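Q: below are the sequence and a predicted model for it; my questions follow.
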Amino acid sequence: MAEQRRLRLFRGTREHGELKEYQVAAAEGMVVLDAVHAIQAEQAPDLAVRWNCKAGKCGSCSAEINGKPRLMCMTRMSDYQAGETITVTPMKAFPVIKDLVTDVSWNYEVNKRIPAFQPRAPDAPDGTWRMYQYEVERPQEFRKCIECFLCQDVCHVLRAHEKHAEFMGPAFLVRAAVYEMHPLDEEDRRSYLRESGGIGYCNITKCCTEVCPESITITDNAIIPLKERVVDANYDPLAALWRKLTG
Amino acid sequence: MTDIRTHDYDVVVIGAGGAGLRAAIEASAQKAKVALVCKSLLGKAHTVMAEGGAAAALGNVMGEDNWRVHFRDTMRGGKMHNNWRMAQIHAQEAPDRINELEAWGALFDRTPDGRINQRPFGGHTYSRLAHVGDRTGLEMIRVLQDKAVHSGIDVHMECTIVRLFAVGGRIAGALGYFRETGRFVLFKSGAIVVATGGIGKAWQITSNSWEYTGDGHALAYEAGAELIDMEFVQFHPTGMVWPPSVRGILVTEGVRGEGGVLKNAAGERFMFRYMPDMFKGDFAETEAEADAWVKGERKKNRRPPELLTRDVVAKAITREIAEGRGSPHGGVFLDIASKQAPDYIKQKLPSMYHQFKELAQVDITKEPMEIGPTTHYMMGGVKVDAETQEATISGLFAVGEVGGGMHGANRLGGNSLSDLLVFGRRAGLYAAGKRGGAPGIPDAEIEATMRAALAPFENANGENPFAVQSALQTVMQRNAGIIRDKSGLETALAELENLKGRARKSGITGSREYNPGWHTAIDLRSLLIVSEATARAALERTESRGAHTRSDYPDSDERQVREQIVIKKEGDRMIVRREAQPPLPADLMKLIKEGS
Ligand SMILES: Cc1cc2nc3c(=O)[nH]c(=O)nc-3n(C[C@H](O)[C@H](O)[C@H](O)COP(=O)(O)OP(=O)(O)OC[C@H]3O[C@@H](n4cnc5c(N)ncnc54)[C@H](O)[C@@H]3O)c2cc1C
Ligand code: SF4
Ligand code: SF4
Ligand code: FES
């Protein structure tokens, strides 16, 4: 018989729930999502979990594995000791719908409020633009975002302080950075970022950068430059201090 | 009626991939009140996974390119079975649609002179794929998603449509349930666009996700629309084969576009041996010539044979494996490490690098990958009018992978993303023109649909729907895969009949709230319809053409080239018939024969 692995999964809803233990047969190369699927197919067909690509491209399968925000499809079972029980719980910063599925609709509302892309007039008579690779590379880094919301989950402003009404979170600072650093964009998002976006709430702990499965340098490359732009428009002591420290 | 929310819209778009988003944006631009409904969260549709690029004859890299060459490549790649008018519209309009994405914020990779860069791909004469590294789909869906949410479109996420209502040959509405609550919702509308994607979940080894159960095909079929080309299922030559948990996950054709080569266990670059007559003279004949082309000497040299069309490459790999020249885990080798420098590989194929490193512990800049064919794309779909994408039911439109005709017997890589944009826009435009005049839907039909959807709850002790789904995948993999024959297809049909009974008796426990067992039981109904349609059409087509290969009819039969297999529901039966497509106009025929 194949080696058995033990998992503890959160089962339940917003009102009540508990950790339930399951055993699955280990297979070579298995990821946590495979184990969860095996449990769903054979033991608990009503176990709720999101997934689409199984290759780290869609950002659907976010959860907390042994308390760490991760993509289940990119976390190998072999990263954990053979006898260890692996605990999988839903993201903490969002309300649970059921089992491993959370209500992430707030994120979509935040995105809707970011002022839209506004290109400059076309560069060529045929209505097209000229941009160079070195210019697009910077916003392209932010475009790698798969909207997994793991950074939102780990950020203490949302996770611990529940400032969802005041702070857009790192994922949407990244989104705003795409357009702010887009070579063609002419929209000014600074007052938006400062006021409804609440960029001042970020105190640069860099926890978001650490969990990003796409390795986007969220804090250094997106948030800090955005803070600096906002400061230019309006004084922000924290960013000024940061600039002083980093030169 | 109790237990149901009702909405009225001018246009309802089912599916939020590239096709659905583009359709919704266009309908909204026409001042229609638009609903966009999707089974997953917004931004998670298959389009997000597309890697290699979107094909459009922009001519930015090779100025010789134009719509005529693109049209010719598409028709030849489709083995001349395509709806020629769709192939023509697609080739003509794709450049505008790509440039439009740039106006909406897309950040494609650039040429040295600052224009959209284009990469070579299988079956395309010139470098033609606009791309962003190997995550083109992600870029495309984000741009469209942001455009859509700023256009005032109502998005209904995690809402699965289970039935389309047509009354007197006119579309009237759609009924679905929200995954979160299990509650029903009715969308009343005289213009419905189906953009639900493909059917790849009917096979065991697949690059497709849980969503690809052929819902749109089945919904349209049940409402009385015709399906065409259901025998043409694309098996992509390069899926991962090891470890078992990742079997089927796609390895982009971009690897070969960037110079990757295919080798068998003996280390032989076998594709040189598999050149079809149709393409003789178009491809390199020696390794030296192929290598020179990869290095950029493109005027004097011809493309490597690894860039032959997908049907040809998938069959070649299958043959190598069957004849004992496969790799240790039943694939062949795809090697880019010996052809390109590590930094170049990481820059051009970052997500492939990451995917192999994380999931297979293979460093593709140092070692070859092990790959084999995987179910990938459905050429067949709802029969539509080439100009408007309207189906054979008035007010019903189908677009994207669920639409049929454009790609013929085999799709060229990169032609899907551009297809979504070109025909998504058209579907949205004509759907907006069809707004209003939705006939009323009889209450009894609505009640019956909800009762049928809830039936699995009545069978708490019934068979687990996941087990039935897995049995169906085994049947299709074994009997309706890359290589088919009469007896296998007849076996498939008999076993599907048996599975229909098992599906009816399957049951679930738990509540209606976010219950994947229930969702799977409902999806099984679509899977059974599309599987049967595929097997019936494959049995009917007594020749091999493009992605459809019959070992008992190994040759193409020129009398069948323009014949389409049409599937339609009559009473409770699935009817199969043949229909001749209109011939190509003489000027286009000449273009294909002589080149441009
Ligand atoms: C891994 C991979 C890589 C690819 N790479 C390329 C490439 O490089 N170039 C290229 O041209 N093509 C590529 N393709 C193919 C291409 O991505 C797809 O064919 C295309 O994205 C399909 O788009 P679509 O809009 O038709 O459907 P999708 O993007 O699949 O969207 C379908 C939508 O329909 C919804 N839906 C389905 N059923 C229902 C229902 N019952 N009720 C409500 N909503 C429903 C889904 O939720 C989803 O929103 C690739 C495909 C894969 C899988
Ligand atoms: S760096 Fe800012 S956004 Fe990121 S986790 Fe810390 S506080 Fe949150
Ligand atoms: S920035 Fe990174 S962690 Fe945050 S949502 Fe995007 S991909 Fe996920
Ligand atoms: S399933 Fe897509 S990221 Fe995990």
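A: Perfect, thanks for sending it. Ligands and ions are numbered 1, 2, ... in the order given.
Q: my read: B:Gly595 touches B:Arg72, true?
A: Yes: distance between B:Gly595 and B:Arg72: 6.8 Å, which falls inside the contact criterion (Cβ atoms under 8 Å). (C-beta placed from N, C-alpha, C; glycine too.)
Q: run a quick neighbour tally on residue 204.
A: Using chain A here. Neighbour count of A:Ile204, defined by other Cβ atoms under 10 Å in any protein chain shown: 17.
Q: wrong one, I was asking about chain B
A: The local packing count at B:Gln204 equals 18, with neighbours defined by other Cβ under 10 Å.
Q: which residues of chain A lie near ligand 2?
A: Contacts of chain A with ligand 2, taken as Cβ under 6 Å from any ligand atom, map to A:Cys155, A:Val157, A:Pro170, A:Cys202, A:Asn203, A:Ile204, A:Thr205, A:Lys206, A:Cys207, A:Cys208, A:Thr219, A:Ile223.
Q: now do the contacts for the third one.
A: Yep, that's A:Pro170 we're talking about. With Cβ atoms under 8 Å, 6 or more residues apart in numbering or on different chains as the criterion, the residues that contact A:Pro170 are A:Cys151, A:Gln152, A:Cys155, A:Cys202, A:Cys208, A:Ile218, A:Thr219, A:Ala222, A:Ile223.
Q: neighbours of B:Ala386, how many?
A: Here the neighbour count serves as a burial measure; for B:Ala386 (other Cβ under 10 Å) it reads 18.
Q: run through the residues that contact it.
A: With contact set as Cβ under 8 Å, 6+ apart, B:Ala386 has these partners: B:Asn83, B:Arg85, B:Met86, B:Ile89, B:Gly405.
Q: quick one: the strands in chain A, in order.
A: A:4-12, A:17-25, A:62-65, A:68-71, A:86-89, A:96-98, A:101-102 (DSSP state E).
Q: so where's the chain uncertain?
A: Going with chain A. Within chain A, the ranges that satisfy pLDDT under 70 run A:1, A:233-247.
Q: actually, chain B is the one I wanted.
A: When residues are selected by pLDDT under 70, those of chain B lie in B:1-2, B:596.
Q: relative to ligand 3, which residue of it is the closest?
A: Distances from chain B to ligand 3, computed as Cβ to the nearest ligand atom, single out B:Leu138 as the nearest residue at 10.3 Å.
Q: what secondary structure does that residue sit in?
A: helix (DSSP: H, G, I helix; E, B strand; the rest coil).
Q: run a quick neighbour tally on it.
A: The number of residues packed near B:Leu138 is 27, by other Cβ under 10 Å.
Q: and it, how far is that from ligand 1?
A: When distances are taken as Cβ to the nearest ligand atom, to the nearest Å, B:Leu138 and ligand 1 turn out to be 11 Å apart.
Q: show the backbone phi and psi for B:Val194.
A: In this entry, B:Val194 is assigned phi and psi values of phi -90, psi 120 (degrees, to the nearest 10).
Q: contacts only, for the spatially most central residue of chain A.
A: Residue closest to the average C-alpha location in chain A (Cα atoms, centre = their mean): A:Phe149, at 2.8 Å. By Cβ under 8 Å, 6+ apart, the residues touching A:Phe149 are A:Gly59, A:Ser62, A:Met91, A:Ala93, A:Phe94, A:Val104, A:Asn107, A:Ala171.
Q: okay, and which of those map to helices?
A: If you go by DSSP state H, the contacts of A:Phe149 have A:Asn107, A:Ala171 in helices.
Q: check the contacts of A:Phe149 and tell me the two furthest apart.
A: A:Gly59 and A:Ala93 (14.9 Å; Cβ to Cβ).
Q: next, count neighbours for the closest residue in space to B:Ser531 that isn't next to it in sequence.
A: Leaving out its chain neighbours, the residue that sits closest to B:Ser531 by Cβ to Cβ, 6 or more residues apart in numbering or on different chains is B:Ala202, at 4.8 Å. Look at B:Ala202: counted by other Cβ under 10 Å, it has 30 neighbours.
Q: what residues does chain A put near ligand 3?
A: By Cβ under 6 Å from any ligand atom, the residues of chain A that approach ligand 3 are A:59, A:145-151, A:170-171, A:174, A:211-214, A:216, A:218.
Q: phi first, then psi, for the closest residue to A:Trp51 other than its chain neighbours.
A: In space, and not counting its chain neighbours, A:Trp51 is closest to A:Cys61: 4.5 Å by Cβ to Cβ, 6+ apart. Main-chain torsions, A:Cys61, degrees, to the nearest 10: phi -100, psi 30.
Q: next one: B:Thr252
A: The phi/psi pair for B:Thr252 (degrees, to the nearest 10) is phi -60, psi 150.
Q: return the set of buried residues in stretch B:208-218.
A: Of the residues in stretch B:208-218, those with enough neighbours to count as buried (16 or more other Cβ atoms under 10 Å in any protein chain shown) are B:Asn208, B:Ser209, B:Trp210, B:Glu211, B:Tyr212, B:Thr213, B:Gly214, B:Asp215, B:Gly216, B:His217, B:Ala218.
Q: what's the third one in contact with, if anything?
A: Taking Cβ under 8 Å, 6+ apart as the contact definition, B:Trp210 lies against A:Trp51, A:Asn52, B:Lys201, B:Asp523.
Q: my read: the third one touches B:Asp215, true?
A: No: counting by Cβ under 8 Å, B:Lys201 sits too far from B:Asp215 to count as a contact (10.2 Å).
Q: what segments of chain A are helices?
A: Using DSSP H, the helices of chain A run over residues A:32-42, A:105-113, A:133-143, A:150-154, A:156-159, A:170-180, A:190-194, A:207-211, A:224-233, A:237-246.
Q: buried deepest among these, which one?
A: Across the helices of chain A, the average number of neighbours (mean count of other Cβ atoms under 10 Å in any protein chain shown) peaks for helix A:150-154, which reaches a mean of 27.
Q: assign the spatially most central residue of chain B to helix, strand or coil.
A: If you average the C-alpha coordinates of chain B and look for the closest C-alpha using Cα atoms, centre = their mean, you land on B:Tyr377, 3.6 Å from that point. Secondary structure assignment for B:Tyr377 (three-state DSSP): strand.
Q: pull the contacting residues for it.
A: B:Tyr377 is in contact with B:Gly198, B:Gly200, B:Val233, B:Gln234, B:His236, B:Glu401, B:Arg411, B:Ser416, counting by Cβ under 8 Å, 6+ apart.
Q: now the residue of chain B closest to ligand 3: closest residue in space, sequence neighbours ignored.
A: The spatial neighbour of B:Leu138 that comes closest, neighbours along the chain excluded (Cβ to Cβ, 6+ apart), is B:Val48 at 5.4 Å.
Q: also A:Gln43?
A: By the measure of Cβ to Cβ, 6+ apart, the closest residue to A:Gln43 outside its immediate chain neighbours is A:Tyr22, 6.1 Å from it.
Q: hmm, that neighbour is touching A:Ala44, no?
A: Yes: applying Cβ under 8 Å as the test, A:Tyr22 and A:Ala44 come out as touching, 7.4 Å apart.
Q: now do the SS call for B:Gln361.
A: The three-state label given to B:Gln361 by three-state DSSP is coil.
Q: and if you look at B:Glu289?
A: Following three-state DSSP, we place B:Glu289 in the helix state.
Q: so who does it touch?
A: B:Asn301, B:Arg302.
Q: can you name the element that comes right after the top helix by length along chain B?
A: Across chain B, the helix with the greatest residue count (assigned by DSSP H) is helix B:516-540. As assigned by DSSP states H and E, the chain's next helix or strand after helix B:516-540 is strand B:549-550.
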